[in-house]
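Participant: Need coordinates for the below:
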Amino acid sequence: MGNFVGWPEIAPDQFLPIFVAATLVLLFGVGYAAVITLAKMGFFSKKWMPLGYLFWGLQTLSLYELAVLIHSNHYTTKVLLVTMVAYLFVPHLYFYLVSESEKRYENDHTDSNH
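Facilitator: Numbering: from 1, shown residues only. This next block holds a predicted model:
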């Protein structure tokens, strides 16, 4: 089985740290999205939102550590971090779109009944 062109080999002793970093990226990402979205929807108090932002920060650090562990080039690392900044706004955008569509549906629904 040959190596893929441009892919660095991962040393066997680096597998566990890479696996843990990748898992933390996923877990902290889910935690961030869940806490922020549930707080905005009213299932959690807004006091929990800083915990969501803490999850985002930990996710960003885990992603950076993952990029270092897999020997990403500088351009790829910058793209990943810019993506993380964009991900900071995704739950807010999602909640905004859902709430606006609900308002529109309620307005359209009440207008059609009269």
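
Participant: chain center to stretch 61-77: distance?
Facilitator: Taking C-alpha atoms, centre = their mean, to the nearest Å, one finds stretch 61-77 lying 16 Å from the centre of the chain it belongs to.

Participant: do stretch 23-39 as well
Facilitator: Relative to where its chain is centred, stretch 23-39 has its mean C-alpha point 7 Å off (C-alpha atoms, centre = their mean).

Participant: What is the longest helix of this protein by residue count?
Facilitator: helix 15-41 (DSSP state H).

Participant: Quick check: buried residues in that helix?
Facilitator: 21-22, 24-25, 28-29, 31-33, 35-40 (16 or more other C-beta atoms under 10 Å). Bear in mind the C-beta positions are built from the backbone N, C-alpha and C, glycine included.

Participant: Identify the residues contacting residue 94.
Facilitator: Residues near residue 94 by C-beta atoms under 8 Å, 6 or more residues apart in numbering: residue 37.
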